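In: next input, structure requested:
(one chain, ligands or ions: 1)
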Amino acid sequence: MRLSTAWILATGLLVQGAYAQPPASEQKNIADNPSWTAPQKPFRVYGSTWYVGPHGLTVLLVTAPTGDVLIDGGVPGDAALIEANIRDLGIDLRDIKWILNSHAHFDHAGGLAQLAHDTGAQVIASAADAVLLERGGHADPEYGDRFPFSPLQVSRTVTDGESLHLGDLVLTAHSTPGHTKGNTTWTWKSCDGKRCLHMVDVGSLSAPGYRLIGNPKYPDIVKDFEYSFAMVAALPCDIVLNPHPAAVNLWARVARREKGDADALVDPAGCRAYVKAARASFEAQLAKQRAGGGSEK
Ligand SMILES: [Zn+2]
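Out: The predicted model follows:
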């Protein structure tokens, strides 16, 4: 089976296997995961939180009377699809005040430069990933220059635990390093009437092909992943989301809801379940690298 690089990145398939440099033909074909550009009708996740991304990459819009917030921007080229989805919801692009980023990889930051231009919104990211956004993904500690995207200006950086206030809307940045050094989990509350739920967009916790032992560009990578697993598992969490919807079974949950299970997206154990799966993959990858002397890459 031919595996696209994009698919490997999305699934972390190589977590238990030796790292392999993708062939040049695949490097050119980085957006060849069709779901990453596939149309998806926008829909309400819960309350003021909307899914506006392509089918295979989560892009969220959180609305508030004082302005809206967009989280992530898909691959390069997804901006038009995302903007059309936002307009379909009857929302003016200029109402978007902030654009947040889960992490500075091309499949979540690729459309951000265009989206920032078209909305006039400020881009807000962690300091560690802001530098990667500003250099368009070049010199990524794991991927080098293989997955570039349009560089963008970050207006403001956030620190671990910092909350952003837009009227009554409060979004909090939780540092969950490992997948990138500035990988961020965003949390906020969305309400349907008087029922308010903890929304958690967990930053990716996969290490697809990463060198975990003796990595000169990221010596603390194992410690950081372990910190992030513990941090996410402890978060108040009613609806778990992830930059890759399949990683948290979003589509199965949406299908159940469409069949009448009104609370199919609500799962207070959802964050812990995602952490459990991610941790198991990570530990298997780490054990394999330890057994092999850590010289996979
Ligand atoms: Zn990533």
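
In: mind listing the helices for the chain?
Out: Using DSSP state H, the helices found in the chain span residues 5-11, 24-28, 79-88, 106-109, 112-119, 127-134, 221-233, 250-258, 270-291.

In: and residue 234, what pLDDT?
Out: At residue 234, the pLDDT value in this model is 98.

In: could you measure from it over to the ion?
Out: Remark: distance between residue 234 and the ion (C-beta to the ion, to the nearest Å) = 23 Å. Placement of C-beta: from N, CA and C, glycine included.

In: for that residue, give its distance to residue 196.
Out: Residue 234 sits at a distance of 20 Å from residue 196 (criterion: C-beta to C-beta, to the nearest Å).

In: residue 270 too?
Out: 17 Å.

In: more neighbours: which of these two?
Out: Counting neighbours by other C-beta atoms under 10 Å for residue 270 and for residue 196 shows that residue 270 has the greater number, 21 against 14.

In: contacts only, for the residue nearest to residue 215 when sequence neighbours are not counted.
Out: Computed as C-beta to C-beta, 6 or more residues apart in numbering, the closest residue to residue 215 that is not its neighbour in sequence is residue 221, at 5.5 Å. Contacts for residue 221 (C-beta atoms under 8 Å, 6 or more residues apart in numbering) come out as 178, 207, 210, 211, 212, 215.

In: what's the farthest-apart pair in the residues you listed?
Out: 178 and 211 (12.6 Å; C-beta to C-beta).

In: what is the burial count for the residue in the stretch 51-200 of the chain that the ion sits nearest to?
Out: Nearest residue of the stretch 51-200 of the chain to the ion (C-beta to the ion) works out as residue 105 at 3.4 Å. As a burial measure, residue 105 scores 24 neighbours (other C-beta under 10 Å).
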